[in-house]
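**Q** give the three-dimensional model of this entry:
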Amino acid sequence: MATATVSFEIIEHYGVMNEESNGWTRELNQVSWNEREPKYDIRSWSPNKERMGRGITLTKEEVASLKVFLNQLSL
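**A** The predicted structure is shown next:
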């Protein structure tokens, strides 16, 4: 069985949320996957951005909802 190739382009980098001792970073970016409409994306990336871990992609509407929820937290 052939492995599917996933293409991606980081359209905008917003920031690093965490950096591990091995250099991998958890980041918030806007990413276009397989040349589709960009979405907001939270996931871990290798130092050279060639490999990535599992993450979550969010639409603009989902990010707006998440922002409301986060603003309600007392941190």
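
**Q** CA atoms for contacts and neighbours, from now on please.
**A** Fine.

**Q** OK, contacts around the nearest residue to residue 43 once chain neighbours are set aside?
**A** In space, and not counting its chain neighbours, residue 43 is closest to residue 55: 4.1 Å by Cα to Cα, 6 or more residues apart in numbering. Contacts for residue 55 (Cα atoms under 8 Å, 6 or more residues apart in numbering) come out as 41, 42, 43, 44.

**Q** so which of those residues sit within strands?
**A** Of the contacts of residue 55, the ones assigned to strands by DSSP state E are 41, 42, 43, 44.

**Q** can I get the residues you listed in JSON lines including neighbour count?
**A** As requested, the ones in strands among the contacts of residue 55 are exported to JSON lines (neighbours: other Cα atoms under 10 Å):
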{"residue": "41", "neighbour count": "21"}
{"residue": "42", "neighbour count": "20"}
{"residue": "43", "neighbour count": "17"}
{"residue": "44", "neighbour count": "22"}
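
**Q** widest-spaced pair of these?
**A** The span of the ones in strands among the contacts of residue 55, defined through Cα to Cα, is set by 41 and 44 at 9.9 Å.

**Q** tell me what the longest strand belonging to the chain is packed against?
**A** Using DSSP E, we find that the single longest strand of the chain is strand 8-19. Helices and strands touching strand 8-19, by 3 or more Cα pairs under 8 Å, 6 or more residues apart in numbering; DSSP states H and E, are strand 25-33.
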